[in-house]
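Visitor: Quick one: sequence plus predicted model below, questions after.
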Amino acid sequence: MSKRSIKRKLAKTSSRLTALRAELTAVEEQMRSLADDADDSAIRAMVADNTAATREAREAREHAEAYRRQHARVVAELAELTRRQDELLDQLVAAD
């Protein structure tokens, strides 16, 4: 692979890593908020002991869980892109 091609791929990877880090920050913030909301809903459901409160608590828990999965996906993609960036840097050094 040519140095130019490697540099282009590195730039693309770096750009994606920057975007993913920003996304991770937003997801973590939202995840914390939703987890707090889910906890509050669960407590209200226990106290209220009615169907509507139980449904609301379940929906809040599911929403929080969706953000946990999103967080895990972003973390995995960050790890993969970091690994790929390291490989590209190794290739760039070897091309010299």
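Guide: All right, it came through fine.
Visitor: quick one: the helices in the chain?
Guide: 3-48, 51-95 (DSSP state H).
Visitor: low-scoring stretches of this protein, by residue?
Guide: Counting by pLDDT under 70, the chain contains no low-confidence range.
Visitor: thinking again about what came up before, will you turn the helices of the chain into JSON lines that also has mean neighbour count?
Guide: C-beta here means a position set from N, CA and C on the backbone, and glycine is covered the same way. Output for those, formatted as JSON lines (neighbours: other CB atoms under 10 Å):
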{"stretch": "helix 3-48", "mean neighbour count": "14"}
{"stretch": "helix 51-95", "mean neighbour count": "14"}
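Visitor: right, and Gln70 touches Ala26 too?
Guide: No. Look at Gln70 against Ala26 with CB atoms under 8 Å: they stay out of range, at 9.9 Å.
Visitor: what's the spacing between His71 and Glu59?
Guide: 19 Å (CB to CB, to the nearest Å).
Visitor: Skipping adjacent residues, who's closest to Arg84 in space?
Guide: Counting by CB to CB, 6 or more residues apart in numbering, Arg84 lies nearest to Thr13, which is 5.8 Å off, once chain neighbours are set aside.
Visitor: hang on, isn't the one you found packed against Leu81?
Guide: Yes. Applying CB under 8 Å, one finds Thr13 in contact with Leu81, separated by 5.7 Å.
Visitor: quick revisit: so who does the residue nearest to Arg84 touch?
Guide: By CB atoms under 8 Å, 6 or more residues apart in numbering, the contact set of Thr13 is Leu81, Arg84, Gln85, Leu88.
Visitor: Looking at the residues you listed, which is nearest Ala95?
Guide: Leu88 (10.3 Å; CB to CB).
Visitor: Surely that closest one and Ser5 touch.
Guide: No. Counting by CB under 8 Å, Leu88 does not reach Ser5; the two are 9.7 Å apart.
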